[in-house]
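Student: for reference, the sequence and a predicted model appear below.
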Amino acid sequence: MALLNNNKDILPLSSISELLNAKIRTLKMYEDKKLFPLKNNIVKKLYSINDIKIIAFVHYLANIKKINANGISYILEIIQNNMDEKNRNEFLDTIERKLENISESDIQDLESF
C-alpha cells in the first residue's frame, strides 16, 4: 500500500462542501476573499488533504466563531508567518480533532460574513 500524499491536489470544492456539510456558494465566497490556499491550476481548482484542513478551519472561524474575512485573513497570516511546517501541521491536526467533536447541529451554514 502506497503512503498518502497529503499535498497532492485531488478534490474539487464541490466534494469539500460535502465533506464539511457546507454550501458550495459559501465556500466559493471564502475562495473569492482569498482565504483558501492559492492554486495554480486555473481551469479546475483542486485541493489537497492539507488544504482541506485549512478550509475547514476557515469555515469554523467564520461560522462558529463569527470572525469576518479580514480577521480570518489575519489569523491565517500569523499562522503562515510564525509557524514552521511541523508546528503548523500539528496545530491544524489539533484543530481537526476539535472540529470532529462539533456536532452538525452546532454548525450553521451562513450565506455571508
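Tutor: Sure thing, it's come through.

Student: from now on I want contacts and neighbour counts done on CA atoms only, so please keep to that.
Tutor: Will do.

Student: can you pull the contacts of Lys53?
Tutor: Leu92, Asp93, Glu96 (CA atoms under 8 Å, 6 or more residues apart in numbering).

Student: then the helix or strand where it lies to CSV, C-alphas only?
Tutor: Lys53 belongs to helix 49-63 when assigned by DSSP states H and E. C-alpha atoms of helix 49-63 as CSV (Å, rounded to 0.1, in the frame of the first residue of the first chain):
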residue,chain,number,x,y,z
ILE,A,49,-5.9,17.0,2.2
ASN,A,50,-3.7,19.6,3.9
ASP,A,51,-5.7,22.3,2.1
ILE,A,52,-8.9,20.8,3.4
LYS,A,53,-7.6,21.2,7.0
ILE,A,54,-7.2,25.0,6.3
ILE,A,55,-10.6,25.2,4.5
ALA,A,56,-12.3,23.5,7.5
PHE,A,57,-10.5,25.9,9.9
VAL,A,58,-11.7,28.9,7.8
HIS,A,59,-15.2,27.6,7.8
TYR,A,60,-15.1,27.1,11.6
LEU,A,61,-13.8,30.6,12.2
ALA,A,62,-16.5,32.1,10.0
ASN,A,63,-19.5,30.1,11.1
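
Student: next secondary structure after it?
Tutor: Sequence-wise, the next helix or strand downstream of helix 49-63 (DSSP H and E) is helix 69-82.

Student: what's the angle between that following helix and helix 49-63?
Tutor: With axes from the mean of the first three to the mean of the last three CA atoms, to 10 degrees applied, the angle from helix 69-82 to helix 49-63 works out at 140 degrees.
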